[in-house]
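Asker: the following comprises the amino acid sequence and a computationally predicted model.
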Amino acid sequence: MFESPLTGRQLITQFVDALQELPEVDADLDHWEPVRTHGDRGYDAQVDLHVAGKSFVLLIEVKKSVFPRDVRQVAWQLREASHGRPAGQGQAPLPLLVAESLSPGAKELLRSEHIGYYDSGGSLYLPAPGAYLYIEKPPPKALAKSVRTLFTGRRAQVLHALLVQHQNWFGVTELAQQAIVSPATASQVLTELERFDWLVARGQGPSKERHLREPTALLDAWAKQLATIRPPNLRRYYVPGTKAEMLAMRIGEVFDMHDVEYEVSHEAAAQRYAPFLSNVSQVRVRALTGANADAAIGDLGAHVVNEGANLGIIDAKSSGELLFRDRVDGLWLASPIQIYLDLLRGEGRSKEMAEHFRKERIGF
């Protein structure tokens, strides 16, 4: 049963209205009540379409949201509905999916199957013989929001764990422990990733395990979402009396002395893993906020500045934001995944360095 803020009928009406707005196009809703052709298989609506003198019949299936893993079933269902139902003028009916939201991967798969689609954001694809229609628009707000929340907060910690250990298989409980989240959060994230067809699974019940088979796709999606996610707060300081190349080590020593949980990230960390720049003028550190961190910053002699900063502090509210940091030559460095994502948000040659770092250190 179709359940959505937009009813199936409203989506069909929106689709027909969108067709009517195109030049030399006329569309009429012929049937709405599902017409079943083979037992419980059928379609939800029939639309008579006329494009520049050519006539077509569209058999419409309505869904709330569609992800890559759903496409195979939808494609089979639509083809079954249109099989053996010749339309007027000898033209076979065309299957078309109307949904409140379609993920980018689902759209790509539908196009490869030559199945038309329309979503509530206004994207339209109709590969009709002699009347090819293709309109690409931003995803509906509901889909954009659900995808964005996957890459923030504790859910992002689960993604971080999967990417850092992308060669491993995980049960829900084990993954939750690695990511420092509840099993419920880990399970929710795995369910979302399965919808994008980025995971493979083995086993059943409590022993079921998953493996991230598409780390590149997941990291690409995270990188793309950064533009829509509010960046973390950055406090800018100037630390006197220390050369740039020695500043990171001095920060590490003072933070360790005050028992501050921290990790060096951005250019200063990337340079240690995969040298790219001739020099790094600023060290950016993600650190747990609190009295210990304030005392350490005070001992460094750091003072707040608007320009000329050589130290940037990114406030972390929990240890989950420091996942998978690594001790290298006496200094805590952020995980390569975190460094890459931080570089993408940087200034100057930071984005260029990010691509170099991903190729040299991450490898996917």
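Answerer: Noted; the coordinates are in hand.
Asker: and the spatially closest residue to residue 119 that is not a sequence neighbour, what does it touch?
Answerer: Leaving aside its sequence neighbours, residue 119 sits nearest to residue 102 (CB to CB, 6 or more residues apart in numbering; 4.6 Å). C-beta coordinates here come from the backbone N, C-alpha and C atoms, glycine included. Counting by CB atoms under 8 Å, 6 or more residues apart in numbering, residue 102 touches 65-66, 110, 117, 119, 123, 139, 143.
Asker: name whatever forms a beta bridge with residue 102.
Answerer: Listed by DSSP bridges, the beta-bridge partners for residue 102 are residue 66.
Asker: ditto for residue 327
Answerer: Judged by DSSP bridges, the bridge partners of residue 327 are residue 332.
Asker: how many other residues sit next to it?
Answerer: Neighbour count for residue 327, taken as other CB atoms under 10 Å: 10.
Asker: quick one: it from residue 100, how far?
Answerer: Between residue 327 and residue 100 the computed distance is 48 Å (CB to CB, to the nearest Å).
Asker: any idea which element residue 122 lies in?
Answerer: Assessed by DSSP states H and E, residue 122 sits outside every helix and strand.
Asker: surely it touches residue 141?
Answerer: No: at 12.0 Å, residue 122 does not count as touching residue 141 under the criterion of CB atoms under 8 Å.
Asker: excluding its backbone neighbours, what's nearest residue 323?
Answerer: Among residues not flanking residue 323 along the chain, residue 160 sits closest, at 5.3 Å (CB to CB, 6+ apart).
Asker: tell me the SS of the closest residue to residue 165 other than its chain neighbours?
Answerer: In this structure, residue 165 finds its nearest non-sequential neighbour in residue 178, 7.1 Å apart by CB to CB, 6+ apart. Following DSSP: H, G, I helix; E, B strand; the rest coil, we place residue 178 in the helix state.
Asker: also residue 61?
Answerer: Under three-state DSSP, residue 61 falls in the strand class.
Asker: now do the contacts for the residue nearest to residue 326 when sequence neighbours are not counted.
Answerer: Spatially, and ignoring its direct neighbours in sequence, residue 326 is nearest to residue 333 (5.5 Å; CB to CB, 6+ apart). Each residue near residue 333 by CB under 8 Å, 6+ apart is listed here: 263-265, 269, 272-273, 325-327, 339.
Asker: nearest to residue 299, of those residues?
Answerer: Nearest to residue 299 among these: residue 264, at 17.3 Å, using CB to CB.
Asker: I'd like to know how many residues surround the closest one.
Answerer: When neighbours are counted by other CB under 10 Å, residue 264 registers 28.
Asker: that one reaches residue 287, doesn't it?
Answerer: No: counting by CB under 8 Å, residue 264 stays clear of residue 287, with 9.8 Å between them.
Asker: quick one: which of residue 122 and residue 141 has more around it?
Answerer: Using other CB under 10 Å, the more surrounded residue of residue 122 and residue 141 is residue 122, with 14 against 11.
Asker: tell me the pLDDT at that one?
Answerer: Per-residue confidence at residue 122 stands at 91 (pLDDT).
Asker: residues touching it, list them.
Answerer: Going by CB under 8 Å, 6+ apart, residue 122 touches 18, 135, 137.
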